[in-house]
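Enquirer: could you look at this predicted model? Sequence included:
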Amino acid sequence: MKPRFYRASFDNFILFALLFSIHRLLTFETLNAEVLTGTLRELQGLLVGLCSDLWIAGLLAVLIAGLFQGLVLCAPPGIARAVRMFMFAVIALGLSAHQSYVEYFGFPMMAFHLRYLYDSAFLTANGQSMFEWPLLVYLGALALGFVREHSWIPWPRVSRAGLIFIASALLLLVVHSRNILWRVQWFIPENLQMNLVEKLYMQLSRNETIDPISEQEKAKLGRLLGVDAESGDFYALLKQIGLSQQPRNLLPISRQLHRSWSQAVKKGKKPILAVLLMESMRPAETGYFARVSRTLTPELDRLTRRGIVFRQAYSTGSVTRGGQEAVFCGHISSRDTSLMRYDAVASIQCLPDFLNPDAYPESSVESFWYHGGNGLFDNQLSFWRKHGIRNIISEEQFPPEVARTSWGVGDISFLRQGAKELKKLHDATDKQALLGMLLTVSNHVPWDVPRDFVPLALPKQKSLHKSYHTTAYADHAIGAFVKQMKQQGLWDRTLLILVSDHGNQVPPYREIYEDSEVKSALLQSHINLVMIGGLVEAALDKSRLKRLDINHIVSQVDLSQFIAETLDIKGFVGMGENPFVAHKVLPVLSRLEQSLFDPKAKRLFQTDEFRSSSKLDQDELSIDFYRAYLDYIRSK
């Protein structure tokens with residue numbers, strides 16, 4: 001009898017090993033991120049990962065062979081072969097898609113992101129990234145593998161085939177043990193240690209529980225923050241901190257901004273405070289951070305000459321929803337609990353909640369949320385409607401012929417329409433002021449430039465990374481938006497906050513960070529934060545300044561507190577402080593999927609360091625604070 005199972009296992013192993021090896025070679029440079037330098041160290045990192053690839057290839061080969069054998073028994077052989085080929089094609093497609101994921105985030109897929117695979121909005125937006133050139137490589141390798149199966153040497157007799165199968169399995173066990181030993185012995189970075197499938201399994205099987213924060217730890221946290229925190233939950237702690245900081249040592253420009261806003265309200269100008277959340281706009285690509293003759297962002301560079309620039313601003317995470325939650329809800333991003341995506345039941349109020357006339361009849365501010373992408377993605381529409389925003393625009397409101405990428409409407413077309421909508425809302429509302437967010441999408445993997453681009457605005461070098469072209473495109477869109485706001489007569493009554501949602505692991509246009517173990521974290525979390533607009537210019541003039549650079553560390557969550565204080569919103573409690581506070585009390589933290597980053601201490605904390613109190617340092621504010629937050633958010 002022909003040993004179908006043994007032969008199928010062997011053939012499957014060859015195909016899996018081929019696909020995983022190609023994937024490791026194509027992603028190695030990005031996952032390594034120059035941590036391993038020198039030929040020998042790079043070969044060590046490659047070898048360790050390949051050992052895991054072979055181990056997983058063997059396990060999957062046996063599993064698929066068993067399924068194939070069962071299918072052969074109940075269906076014609078041709079059907080079984082077609083199903084097998086289809087399965088491998090799907091795997092090749094998945095590895096191709098994972099290529100762009102690795103390029104964007106700088107690490108293999110996290111188990112947390114698996115839930116996006118059943119999100120139709122995500123698949124529609126990001127599906128194009130599957131069909132890039134790596135897919136041709138994978139499919140070509142598969143084709144060669146299938147051809148090889150029909151021209152291979154005759155398979156041994158049944159008894160010998162069984163021995164070969166057992167010997168191969170034992171060899172794979174040895175290979176996997178070498179993987180475990182070498183990755184520790186050779187200090188191989190986590191990103192390179194294991195196969196994607198094994199890494200996902202490890203994450204899913206790992207104990208994700210968080211030790212509840214004890215009364216003793218709560219007291220220690222209160223001591224570090226200078227408040228009595230022995231009673232009450234995390235929300236009560238934040239409230240105590242806010243009360244204990246009155247009055248605070250604010251920079252004079254903060255009072256001038258508040259005065260400019262208040263005077264505009266009193267004069268009936270209906271001032272606008274708008275947050276323009278810029279997709280993946282990093283300081284490493286921004287000219288005013290790395291001054292060179294050739295810049296990708298001439299519009300932003302020009303706008304900063306009459307603005308307030310925060311040079312040490314950090315995102316709270318590495319996803320767009322985290323930026324939104326930070327700016328309008330005052331909470332740091334959490335991989336473990338997404339406020340937006342799962343509408344956490346914790347009693348958290350966002351800024352628009354206080355503007356909702358149904359709950360706060362005395363509110364005098366109209367709210368808006370404008371987005372060029374799919375509003376269903378990450379539960380955005382439902383979330384912001386629940387939290388009181390009444391004026392919402394998303395991709396669905398744009399005509400079919402408008403310029404788009406897979407992620408949504410091009411930034412130029414989106415911001416052009418956004419300015420028009422702001423003018424209509426400003427003229428129609430009977431409220432005293434407007435507060436809202438404009439969320440861009442174009443500067444995102446797979447880095448496609450929409451067809452409404454202006455050729456002169458793009459870099460002339462075609463060899464540059466694709467993301468540099470979308471950065472230049474987004475910059476031109478922002479410049480055109482500001483020009484349109486001026487033409488519509490809205491600029492003098494506007495306070496516009498330009499802030500990045502997060503960074504990424506794409507090679508930087510300019511090297512603005514020293515080589516260190518936190519360089520990767522800086523590329524993901526260090527963001528642009530600029531305040532511009534007529535109200536800002538008026539405040540600067542009152543302070544006899546043309547431009548103001550602020551160099552102390554601030555976070556996205558600090559913006560929520562600034563907005564609340566500028567608009568005199570009472571009762572708002574968040575995890576930030578006014579960014580104009582000279583001496584911060586609360587830590588600035590960025591949750592970067594695999595770790596927690598403290599930019600002040602330039603320190604990365606791994607997951608197990610904040611899941612258990614036994615891992616904590618005696619006076620480690622960052623971890624205590626984050627653990628208290630996770631404990632609170634999971635218990636509500």
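Expert: Cool, got the structure.
Enquirer: so Leu95 touches Leu139, yeah?
Expert: No - the criterion here is Cβ atoms under 8 Å, and Leu95 misses it with Leu139 at 10.5 Å. Using the backbone N, CA and C atoms, a C-beta is placed for each residue, glycine as well.
Enquirer: more crowded one of these two?
Expert: Shown here are Leu95 and Leu139; by other Cβ atoms under 10 Å, Leu95 has more neighbours (21 against 15).
Enquirer: could you check which helix or strand contains the spatially closest residue to that one that is not a sequence neighbour?
Expert: Distances taken as Cβ to Cβ, 6 or more residues apart in numbering put His23 closest to Leu95, at 4.7 Å, once the chain neighbours are dropped. Using DSSP states H and E, His23 sits in helix 4-32.
Enquirer: can you give me the buried ones in that helix?
Expert: Judged by neighbour count (16 or more other Cβ atoms under 10 Å), helix 4-32 contains these buried residues: 4-24, 26-28, 30-32.
Enquirer: who are the contact partners of His552?
Expert: His552 makes contact with 312, 582, 584, according to Cβ atoms under 8 Å, 6 or more residues apart in numbering.
Enquirer: how about stretch 421-431 as PDB, C-alpha atoms only?
Expert: Output in PDB follows, covering the C-alpha atoms of stretch 421-431 (Å, rounded to 0.1, in the frame of the first residue of the first chain):
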ATOM      1  CA  GLU A 421     -18.200  71.100   6.600                       C
ATOM      2  CA  LEU A 422     -16.600  73.200   9.300                       C
ATOM      3  CA  LYS A 423     -17.800  76.400   7.600                       C
ATOM      4  CA  LYS A 424     -21.300  75.000   7.300                       C
ATOM      5  CA  LEU A 425     -21.400  73.900  10.900                       C
ATOM      6  CA  HIS A 426     -19.900  77.100  12.100                       C
ATOM      7  CA  ASP A 427     -22.500  79.200  10.300                       C
ATOM      8  CA  ALA A 428     -25.500  77.000  11.200                       C
ATOM      9  CA  THR A 429     -25.000  76.200  14.900                       C
ATOM     10  CA  ASP A 430     -26.400  78.300  17.700                       C
ATOM     11  CA  LYS A 431     -23.700  77.100  20.000                       C
END
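Enquirer: what's next to that stretch, contact-wise?
Expert: For stretch 421-431, the external contacting residues (Cβ under 8 Å, 6+ apart) are 270, 272, 274, 363-366, 368, 370, 391, 393, 434, 485, 488, 490.
Enquirer: which of these are buried?
Expert: 270, 272, 274, 363, 365-366, 368, 370, 391, 393, 434, 485, 490.
Enquirer: so which of these sits lowest on pLDDT?
Expert: Least confident of those in the model: Ser363, at 82.
Enquirer: any idea how far Lys423 is from that residue?
Expert: Distance, Ser363 to Lys423, by Cβ to Cβ, to the nearest Å: 22 Å.
Enquirer: also Ala75?
Expert: Relative to Lys423, Ala75 is positioned 64 Å away (Cβ to Cβ).
Enquirer: so for the two, which residue has more residues nearby?
Expert: The neighbour count for Ala75 versus Lys423, taken as other Cβ under 10 Å, is higher for Lys423 (17 against 12).
Enquirer: got phi/psi on that one?
Expert: The phi/psi pair for Lys423 (degrees, to the nearest 10) reads phi -60, psi -40.
Enquirer: ok, Val530 next?
Expert: phi -140, psi 140.
Enquirer: without its sequence neighbours, what residue ends up closest to it?
Expert: Leu498 (4.5 Å).
Enquirer: pretty sure that neighbour contacts Leu300?
Expert: Yes - if you go by Cβ under 8 Å, Leu498 and Leu300 touch, sitting 7.3 Å apart.
Enquirer: what's the overlap in contacts for the two?
Expert: Residues touching both Leu498 and Leu300 (Cβ under 8 Å, 6+ apart) are 478, 528, 530.
Enquirer: how about the strands in the stretch 251-400 of the chain?
Expert: 272-278, 308-310, 313-314, 365-371, 391-393 (DSSP state E, counting those that start in this stretch).
Enquirer: what would the ones you listed look like in a markdown table with distance to Ser244?
Expert: Output for these, formatted as a markdown table (distance: least, Cβ to Cβ, whole Å):
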| stretch | distance to Ser244 |
| --- | --- |
| strand 272-278 | 27 |
| strand 308-310 | 24 |
| strand 313-314 | 24 |
| strand 365-371 | 27 |
| strand 391-393 | 36 |
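Enquirer: nearest to Lys542, out of these?
Expert: Shortest distance between Lys542 and these, using Cβ to Cβ, is found for strand 308-310: 13.0 Å.
Enquirer: so what touches the closest one?
Expert: Residues contacting strand 308-310 (Cβ under 8 Å, 6+ apart): 253, 288, 529-532, 536, 540, 547-550, 554, 579.
Enquirer: beta-bridge partners for Ala313, please?
Expert: Note on Ala313: beta-bridge partners by DSSP bridges are Ile527, Val554.
Enquirer: what residues are up against it?
Expert: Taking Cβ under 8 Å, 6+ apart as the test, what Ala313 contacts is 499, 526-529, 553-556, 579.
Enquirer: Trp182: which of those residues is nearest?
Expert: Trp182 lies nearest to His526 out of the contacts of Ala313, by Cβ to Cβ, at 33.4 Å.
Enquirer: against Leu535, how distant is that closest one?
Expert: The gap separating His526 from Leu535 is 27 Å, by Cβ to Cβ.
Enquirer: do the same with His371
Expert: For His371, the distance to Leu535 (Cβ to Cβ) stands at 24 Å.
Enquirer: rewinding a little: I'd like the average pLDDT over the helix holding His23.
Expert: Here helix 4-32 scores 88 as its mean pLDDT.
Enquirer: and the next helix or strand past that helix?
Expert: As assigned by DSSP H and E, the chain's next helix or strand after helix 4-32 is helix 39-74.
Enquirer: mean confidence for that following helix?
Expert: 87.
Enquirer: and the strands in the stretch 101-250 of the chain, which stretches?
Expert: Along the stretch 101-250 of the chain, counting by DSSP E, counting those that start in this stretch, no stretch forms strands.
Enquirer: run through the residues that contact Phe572.
Expert: Neighbouring residues of Phe572 by Cβ under 8 Å, 6+ apart: 330, 349, 351, 354, 560-561, 564.
Enquirer: contact partners of the lowest-mean-pLDDT helix or strand in the chain?
Expert: Every helix and strand in the chain was compared by mean pLDDT, DSSP states H and E; the lowest is helix 120-126, with a mean of 78. Contacts of helix 120-126 from elsewhere in the structure, counted by Cβ under 8 Å, 6+ apart, are 97, 100, 116-117, 373-374, 376-378, 406-408, 445-446.
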